Structures are given as C-alpha cells and as structure tokens.
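**Student:** predicted model and sequence follow; I will ask about them next.
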There are 2 protein chains.
Amino acid sequence: MRNTFHDDLDAITETLVTMTNLVKDATKDATTALLTADLALAEKVISQDDLIDSMQHELDAKTIVLLATQQPVASDLRALVTSLRMSADLERMGDMAHHIAKLARLRFPSTSVPPEASLTIEEMGRVLGLIIDKLVKIIKERDLKDAMQLAIDDDEMDKLHRKLIQSLISKDWPHGAESAIDLTLLGRYYERSADHAVSIARRVHYLVTGSYQQKLD
Amino acid sequence: MRNTFHDDLDAITETLVTMTNLVKDATKDATTALLTADLALAEKVISQDDLIDSMQHELDAKTIVLLATQQPVASDLRALVTSLRMSADLERMGDMAHHIAKLARLRFPSTSVPPEASLTIEEMGRVLGLIIDKLVKIIKERDLKDAMQLAIDDDEMDKLHRKLIQSLISKDWPHGAESAIDLTLLGRYYERSADHAVSIARRVHYLVTGSYQQKLD
C-alpha cells in the first residue's frame, strides 16, 4: 500500500514537471508571438491555457484524494500540501503567458513592443525562459542550492523591469500612453511570472527541509 | 477529541475573518492615502502588511498540523485545504493594498492620481471595499448565494478598470507616461484584489458543496 502511495507521489511530481514544461513553451511562444506579431502562435498559447488549468484541477483533485485516503504525515504530507501550492503558482504562470499572448493578438498586425523596448522585452523573455528551465530541474531533483539560486536570477528580471519602466518615463519616449500602458502590463506579467517561479523554489525548500526559506522581497 | 478538532476548525475560520478585516482596513487606508497624499497612513499600511503575512504563515502551519494529526476526511478535509488556499488569496490582497500604499508614498507630497482619474479610483476603492465587506460575511456564514453574487460585483470592478484605461489612452490625457504607468498599475492592483476575493468566494462554494464553481472569466 505504501508503495502505491509513493508511486502516486512520484506521479504528482511528474505532473508538476509536465505543467512546468507546458508553461515554459507557452511563455516562449507568447514572447515570440509578441515580438514578431505572430497571430497564429498567439492563438495557440491562448487556446492551450485551458490545458494547464485543467491539469491543475485534476492534479489538485488527486492530491486531495490522497490526503483523505493515505493520511500522510511528515515529508509525505508536505509533498501533498506543496503540490497544491505549486500547481496554483504554475497555473498563474500559465495565465501570465496567456495575458502576453492576448496583448500580442490585440495589437495584431501591429505590435505593442516598439523598437526602443524590444531588446528589453526579448531579454525579459530570455531570463524568464532560463528561470523556468531551472525550475523544471528544481522540481525534479529538489536541489536546495538551485532553489536558492533562483532568487538571484529573479534580481536580473527586476533590473530589466526597472530598465523598461525607466525608458517609458524618459522624456524621449515617443510612443504615447497606449504603448506605455501595454509595456507596463507586459513588464508586470514577466516579473510576476518570475516571482511565482521563485515562490515555487521556496516551496521546494519547505518540502525538503520542513521550514520556510526567508522571503527575499 | 473530535470536539477539540471542531473548535480548531472554528478558530481557523475566525482567523480567516480577522485576516479579511485586516485586508479591508489596509485596502481602505491605502486608497485614502493614495487620494489624499497622506504619507503617515501610507506608512501604516506598508508596515502592517507583515502582520497579514505572519498571520498567513501561522495559520498555514496550524492547518498542516491538523492535516497531520486529525487525518480529516470529507468536509473537514475540504475546510483545511480551503483554508490553505484562502489564506494565500488574502495574503495577495494584502500585497495589493501594500503596493497601492507604496505608490502613494513614492509620489508624496504629490499624488499619482490626477483629478481626471480620481473619481474612477475612488469608485474602484469603494467597490473593492463592498466586495471585501461581503467576503467577511461569506467566509463567516458560507452563504452560496452571496458567494455567487460576488462575481457580479466584480463585473462592476472590471467596468471601472476599462473606464480607467480608456481615459488614459484618450487623446486628451494631459499627464504623460509616468502618470499613465502609475494608473495602469493601480488599476491592476484593484482589479487583482477583487479577483482574489472572487476566488475565495469560489473556494467557499467548493467547501460547502465539494465541487468547483465554474470560473467565470
């Protein structure tokens, strides 16, 4: 019986990894759709968000059944509680990719990212991609050093976010308020998605050690 | 033993109500600080956010101990799982008030809300206040009709949010990009806080019925 239960726990980790890979692809595609005004790619990200949402619901339902039937304690209990929280963070990261793709669709055939901002947005997409790559590994291998490193990668994202906002409020910004609004929201989507990744890494710390890593912000 | 456990469950509900009331006060004070450029009030909201965060941590720790020691099933299990999720939503609502107060502090002695937008922001604050008032009642009384009603109140918030963004992108907006950025973020903070309230109301639906209320967005 315990063996079946541990198979179930492994299956939960596998599902979390699958969700993280889906979020990674969605985020990458959303950024490409945004920067290249690729409507078909934006539509793909938008339609696939339901898949991430329904995976979360199924995973949570399974987790709750295991809580009820296996009456876990100690690290097994932490694994189930942590799964509920990670799935919520991953679902929100999927939402952020969805929001980015919707903005790409809204402005098609134009783009909400003018040339002055495209390098910064591209860089934010790249850093977020790296963060999510590491997140897959952190969820799989539960490496605490990698988990703590993620907060440092997130500092890079915060720097890019500040740079983006600075460029918008400079006197030379030639693209008016609508573009400033779009880029403010985009900046927030990338930054929030990275925050959720850091939050997941902290949950891995809790999962392994039973204590919370200090919140860094 | 079961009686003690049910006292513990009641205490969890009480703590959730207390957290919601703290979030209500923080949101109200943050809006006042923002609209009246009241630095002392902004500082108060900023410093009290730690209280909401630490209440969440303590509540979650208690909830996890109960999951481990009481091995609850059915509605008791749902109450504990739901508590973990509600506390996370309430913590985020506290963060939104905190963000609003930080923007009030950043622009002091000026304000990030010019006269053209102050009525809309005031109205967003009022609607969010009403939503949180209802939320206190929903958490206390677990009334499904009230819980479903909250999504309709949230439509009002979405309308105000659209109105705000429309005013920013109109050709007459005289306040430049920095102000547009501030108001874009403010609009998102109010809207997200209301979304979290709707999410909590949906969790009450799950708590009472065992099934999820359809996501409305």
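**Tutor:** Happy to help now that I have it.
**Student:** quick check: residues of chain A near chain B?
**Tutor:** A:53, A:57, A:64, A:67-68, A:71-74, A:77-78, A:81, A:84-85, A:88, A:165, A:168-169, A:173, A:176-178, A:180-181, A:184-185, A:188, A:212, A:215 (CB under 8 Å from any CB of the partner chain). From N, CA and C alone the C-beta is placed, and that goes for glycine too.
**Student:** give the burial count for A:Gln48, as a bare number.
**Tutor:** A count of nearby residues for A:Gln48, using other CB atoms under 10 Å in any protein chain shown, gives 18.
**Student:** ramachandran angles for it?
**Tutor:** Phi and psi for A:Gln48, reported as degrees, to the nearest 10, are phi -80, psi -10.
**Student:** OK, contacts around it?
**Tutor:** By CB atoms under 8 Å, 6 or more residues apart in numbering or on different chains, the contact set of A:Gln48 is A:Leu22, A:Ala26.
**Student:** quick check: what element follows the one helix or strand A:Val45 maps to along the chain?
**Tutor:** A:Val45 is located in helix A:39-70, with elements delineated by DSSP states H and E. Later in the chain than helix A:39-70, the nearest helix or strand by DSSP H and E is helix A:74-107.
**Student:** quick one: mean pLDDT over that next one.
**Tutor:** Averaged across helix A:74-107, the pLDDT comes to 96.
**Student:** packing partners for the helix or strand that it is followed by?
**Tutor:** Next helix or strand after helix A:74-107 toward the C-terminus (DSSP H and E): helix A:115-141. Judged by 3 or more CB pairs under 8 Å, 6 or more residues apart in numbering or on different chains; DSSP states H and E, helix A:115-141 is in contact with helix A:2-36, helix A:144-169, helix A:176-209.
**Student:** tell me which residues in helix A:115-141 are buried?
**Tutor:** A:116-117, A:120-125, A:127-128, A:131-132, A:134-136, A:138-139 (16 or more other CB atoms under 10 Å in any protein chain shown).
**Student:** residue closest to the middle of chain A?
**Tutor:** A centroid search over chain A (CA atoms, centre = their mean) returns A:Met93, at 3.3 Å, as the residue closest to the centre.
**Student:** for that one, give its distance to A:Arg192.
**Tutor:** Distance of A:Met93 to A:Arg192, given as CB to CB, to the nearest Å: 8 Å.
**Student:** try A:Asp155
**Tutor:** From A:Asp155 to A:Arg192 the distance is 15 Å (CB to CB).
**Student:** these two - which one has more neighbours?
**Tutor:** More neighbours surround A:Arg192 than the other of A:Asp155 and A:Arg192, with 19 against 13 (other CB under 10 Å).
**Student:** isn't that one right next to A:Asp95, touching?
**Tutor:** No: applying CB atoms under 8 Å, one finds A:Arg192 not in contact with A:Asp95, separated by 9.0 Å.
**Student:** just to revisit the earlier point, for ChimeraX, write the selection for the buried entries among the residues of chain A next to chain B.
**Tutor:** Filtering these down to the buried ones (16+ other CB under 10 Å) takes a single ChimeraX command:
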select /A:64,67,68,72,77,78,81,84,85,88,165,168,173,177,178,180,181,184,185,188
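**Student:** now do the contacts for the nearest residue to A:Ile46 once chain neighbours are set aside.
**Tutor:** Spatially, and ignoring its direct neighbours in sequence, A:Ile46 is nearest to A:Ala101 (5.1 Å; CB to CB, 6 or more residues apart in numbering or on different chains). Contact analysis of A:Ala101 by CB under 8 Å, 6+ apart lists A:Ala26, A:Asp29, A:Ala30, A:Ala33, A:Leu34, A:Leu41, A:Ala42, A:Glu43, A:Val45, A:Ile46.
**Student:** one more: A:His98?
**Tutor:** Counted by CB under 8 Å, 6+ apart, A:His98 has contacts A:Ala26, A:Ala30, A:Val45, A:Ile46, A:Asp49.
**Student:** most neighbours of all those residues, which one?
**Tutor:** Going by other CB under 10 Å, A:Ala30 tops the contacts of A:His98 with 31 neighbours.
**Student:** state the pLDDT value of that one.
**Tutor:** 98.
**Student:** can you check the one 4 residues further on too?
**Tutor:** Looking at A:Leu34, its pLDDT is 98.
**Student:** how many other residues sit next to it?
**Tutor:** A count of nearby residues for A:Leu34, using other CB under 10 Å, gives 28.
**Student:** now do the one 3 residues further on
**Tutor:** Neighbour count of A:Ala37, defined by other CB under 10 Å: 17.
**Student:** that one contacts A:Phe108, doesn't it?
**Tutor:** Yes: assessed by CB under 8 Å, A:Ala37 is found in contact with A:Phe108 at 5.6 Å.
**Student:** OK, contacts around the nearest residue to A:Arg203 once chain neighbours are set aside?
**Tutor:** Leaving out its chain neighbours, the residue that sits closest to A:Arg203 by CB to CB, 6+ apart is A:Thr82, at 4.9 Å. The contact partners of A:Thr82, by CB under 8 Å, 6+ apart, come to A:Arg203, A:Val204, A:Tyr206, A:Leu207.
**Student:** residues contacting the residue lying closest to the third one once chain neighbours are set aside?
**Tutor:** When you say that, I think you mean A:Tyr206. Counting by CB to CB, 6+ apart, A:Tyr206 lies nearest to A:Tyr212, which is 5.4 Å off, once chain neighbours are set aside. Contact analysis of A:Tyr212 by CB under 8 Å, 6+ apart lists A:Arg202, A:His205, A:Tyr206, B:His57.
**Student:** just the buried residues from those residues, in ChimeraX please.
**Tutor:** Of the contacts of A:Tyr212, the buried ones can be selected in ChimeraX as follows, counting by 16+ other CB under 10 Å:
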select /A:202,205,206
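**Student:** tell me the spacing between A:Val45 and A:Thr27.
**Tutor:** In terms of CB to CB, A:Val45 sits 9 Å off from A:Thr27.
**Student:** next: A:Arg105.
**Tutor:** Relative to A:Thr27, A:Arg105 is positioned 16 Å away (CB to CB).
**Student:** residues contacting the nearest residue to A:Thr31 once chain neighbours are set aside?
**Tutor:** Nearest non-adjacent residue to A:Thr31, counting by CB to CB, 6+ apart: A:Gly125, 3.4 Å away. Residues near A:Gly125 by CB under 8 Å, 6+ apart: A:Thr27, A:Lys28, A:Thr31, A:Leu35, A:Tyr190.
**Student:** what do you get if the cut-off is 10 Å, keeping everything else the same?
**Tutor:** A:Thr27, A:Lys28, A:Ala30, A:Thr31, A:Thr32, A:Leu34, A:Leu35, A:Ile100, A:Leu160, A:Leu186, A:Tyr190 (CB atoms under 10 Å, 6 or more residues apart in numbering or on different chains).
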